[in-house]
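Novice: what follows is a predicted protein model with its sequence.
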Amino acid sequence: MRTAEESQCFQTIRRTIDHRTSELVSRFGDCLNQIKKEMTQRVNTGLPIPTEAYYSGQALYWKFLRRRLEKDMLALDQAFFLPLSDAGMSEYRQQCTQLTDALDDLTKKIFNEFQTTIEPVSLI
């Protein structure tokens, strides 16, 4: 049996872990929102940075955003000691999957646009 002091200490530790977990999950949500914002800003400008090629620059940018998202998700997946299920992580996991699929679609779209610009006669 625990003493009252041990029980109070245990509850304090539990509250601290829960608070930090919810803070970490909200930061991941902020990261998701930031990536969404960067996606829409980049798409709406329509202009590549002057030092990059249009198609490869766009595709690299989408891949960069996807990798950034995957690394953040991997870090949370490896945090086995955090009770992420209690912090509403399933909702963010679903958003992450949708965002990853959207980034894949944008990369495929830019590749297909690039393929249409290639003239097959000039390759022979």
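Specialist: Looks like it arrived, so ask away. Computed from a prediction, not measured in an experiment: that's the story for all the values here. Numbers count the residues shown, from 1 in each chain.
Novice: need the residues that contact stretch 54-70.
Specialist: Contacting residues not belonging to stretch 54-70 are listed as 31-32, 35, 38-39, 42, 48-49, 52, 96, 99-100, 103-104, 106-107, 110-111, 113-114, 117 [C-beta atoms under 8 Å, 6 or more residues apart in numbering]. Any C-beta I mention is one placed from the backbone N, CA and C, and that applies to glycine too.
Novice: any of those residues buried? List them.
Specialist: Cys31, Leu32, Ile35, Met39, Arg42, Cys96, Leu99, Thr100, Leu103, Leu106, Thr107, Ile110 (16 or more other C-beta atoms under 10 Å).
Novice: so for the lengthiest helix in the chain, what's the average pLDDT?
Specialist: In terms of residue count, the longest helix belonging to the chain (DSSP state H) is helix 4-45. Average pLDDT, helix 4-45: 85.
Novice: can you name every helix or strand that that helix contacts?
Specialist: helix 54-78, helix 89-117 (3 or more C-beta pairs under 8 Å, 6 or more residues apart in numbering; DSSP states H and E).
Novice: and these as JSON lines, adding mean pLDDT and distance to Glu23?
Specialist: JSON lines is the format used below for the helices and strands packed on helix 4-45 (pLDDT from 0 to 100; distance: least, C-beta to C-beta, whole Å):
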{"stretch": "helix 54-78", "mean pLDDT": "88", "distance to Glu23": "13"}
{"stretch": "helix 89-117", "mean pLDDT": "91", "distance to Glu23": "13"}
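Novice: in the protein, which residue is closest to the centre?
Specialist: Nearest residue to the geometric centre of the chain (C-alpha atoms, centre = their mean): Leu69, 2.5 Å.
Novice: measure that one to Arg14 for me?
Specialist: Note on Leu69: its distance to Arg14, by C-beta to C-beta, to the nearest Å, is 30 Å.
Novice: again, but for Ala79
Specialist: Taking C-beta to C-beta, one finds Ala79 at 16 Å from Arg14.
Novice: quote the end-to-end distance of stretch 79-89.
Specialist: This stretch, stretch 79-89, spans 12 Å end to end (C-alpha to C-alpha, to the nearest Å).
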